[in-house]
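Undergrad: Sharing a model prediction with you, sequence too.
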Amino acid sequence: MTTIISIAGILTLAVLFVGVLRAAGWSDFAGSATAPQQRPVLGGGDPQTHAWQRFHVRYYTMTLLFVAFEMEMMFMYPWAVVYVAEGGKALAEMGMFLAILSVGILYGWREGIFRWE
């Protein structure tokens, strides 16, 4: 019950505060802004395209590269422990795993993931 009273008290204080500010002459800034202040901000100029214009998202190759390196690190830590016990067999398995991941990295390289645009 005290929680409801506290919430009601806070809402009442907020409404009173807004009422006092409005009575004192404060208003929302959008209504009293001048024409330059109402323009959209885009580095000081007018936007060249509409805000709803479609654009192509090209993050899939970066995601592929991230997954390749992340899976490599996630698999190499336990592999280091197993390598001590298994030896050459574990080394061959890690070589195959890295070869498969290298295919993904080469694909990303071909798609231009390492070019700065």
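TA: Done, it's in.

Undergrad: From now on I want contacts and neighbour counts done on CA atoms only, so please keep to that.
TA: Fine.

Undergrad: Give me the domain ranges for this protein.
TA: The chain breaks down into these domains under automatic domain parsing: 2-38, 60-110.

Undergrad: you'd agree E111 is up against Y60?
TA: No - if you go by CA atoms under 8 Å, E111 and Y60 don't touch, sitting 10.1 Å apart.

Undergrad: Any idea which helix or strand in the chain has the lowest mean pLDDT?
TA: helix 29-32 (a mean of 55; mean pLDDT, DSSP states H and E).

Undergrad: tell me the most buried of the domains of the chain?
TA: Compared across those, domain 60-110 shows the largest average neighbour count, a mean of 14 (mean count of other CA atoms under 10 Å).

Undergrad: So which residue is smack in the middle of this protein?
TA: In the chain, the C-alpha nearest the mean C-alpha coordinate belongs to Y59, at 11.8 Å (CA atoms, centre = their mean).

Undergrad: where exactly do the helices run in the protein?
TA: Taking DSSP state H as the test, the helices found in the chain are 2-23, 29-32, 35-38, 60-86, 88-110.

Undergrad: could I get those helices as CSV with distance to T49?
TA: Formatted as CSV, those follow (distance: least, CA to CA, whole Å):
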stretch, distance to T49
helix 2-23, 38
helix 29-32, 24
helix 35-38, 18
helix 60-86, 25
helix 88-110, 30
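
Undergrad: Indicate which one of the ones you listed is closest to H50.
TA: Minimum separation from H50 across those (CA to CA) falls at helix 35-38, 16.8 Å.

Undergrad: For that closest one, the averaged confidence score.
TA: Averaged across helix 35-38, pLDDT comes to 64.

Undergrad: Thanks again, I'm all set now.
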